[in-house]
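**Student:** what follows is a predicted structure for the sequence shown.
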Amino acid sequence: MRDAMEKRFTRVTRGSIVGGVHLGILFPFLAPGSLHWRARNMILGLVLGAAFCFPLGWLHLKLIEKANEGNQSANENLDKRDIKSGVSATIERLESNLHK
């Protein structure tokens, strides 16, 4: 059951990425106006998106650092070889399934 869910998640994720890439490639050709206006709108969108999202990302990074300050002393006592993230545990489980 878990393998089926992981395969479905991978398929849906891949479809979303491919669809986004296709839309990103085709959208400038579908936008109305001359090439000059399309390029201007694309650059304007890039600048406004960066001006809005960069400060949010920086704020998020600083909040995570502040939240993890108290957890560093607790994490120093743990052996780092025993800690596995969900991604590495999933990769090891998939590799063990392939070798069976």
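**Tutor:** Alright, I've got the coordinates. These numbers were taken from a predicted model, which means no experiment stands behind them.
**Student:** now the helix or strand harbouring residue 57: buried residues?
**Tutor:** Assessed by DSSP states H and E, residue 57 sits inside helix 35-68. Neighbour-count burial for helix 35-68, with 16 or more other Cβ atoms under 10 Å as criterion, is recorded at residue 38. The way it works is simple: take the backbone N, C-alpha and C, and place the C-beta from them, glycine included.
**Student:** separation between the residue of the chain most remote from its centre and residue 61?
**Tutor:** The outermost residue of the chain relative to its centre, with distances by Cα atoms, centre = their mean, is residue 34 at 33.4 Å. Remark: distance between residue 34 and residue 61 (Cβ to Cβ, to the nearest Å) = 40 Å.
**Student:** would you map out the domains in the protein?
**Tutor:** 1-32, 36-99 (the TED database).
**Student:** immediately after the helix or strand bottoming out on mean pLDDT in the chain, which helix or strand?
**Tutor:** When the helices and strands of the chain are compared on mean pLDDT, DSSP states H and E, helix 72-75 comes out lowest with a mean of 58. Next in sequence after helix 72-75, counting helices and strands by DSSP H and E, comes helix 86-98.
**Student:** and residue 27, what pLDDT?
**Tutor:** Residue 27 is assigned 71 on the pLDDT scale.
**Student:** show me what counts as buried in the helix or strand encompassing it.
**Tutor:** Assigned by DSSP H and E, residue 27 belongs to helix 2-30. For helix 2-30, burial by neighbour count (16+ other Cβ under 10 Å) applies to no residue.
**Student:** got it, and stretch 93-100?
**Tutor:** Under 16+ other Cβ under 10 Å, stretch 93-100 has no buried positions.
**Student:** dump that stretch to CSV, restricted to CA.
**Tutor:** The C-alpha coordinates for stretch 93-100 follow below in CSV (Å, rounded to 0.1, in the frame of the first residue of the first chain):
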residue,chain,number,x,y,z
ARG,A,93,13.4,1.3,1.9
LEU,A,94,13.0,1.6,-1.9
GLU,A,95,16.6,0.3,-2.4
SER,A,96,15.9,-2.7,-0.2
ASN,A,97,12.7,-3.4,-2.2
LEU,A,98,14.7,-3.3,-5.5
HIS,A,99,17.3,-5.7,-4.2
LYS,A,100,14.7,-8.3,-3.2
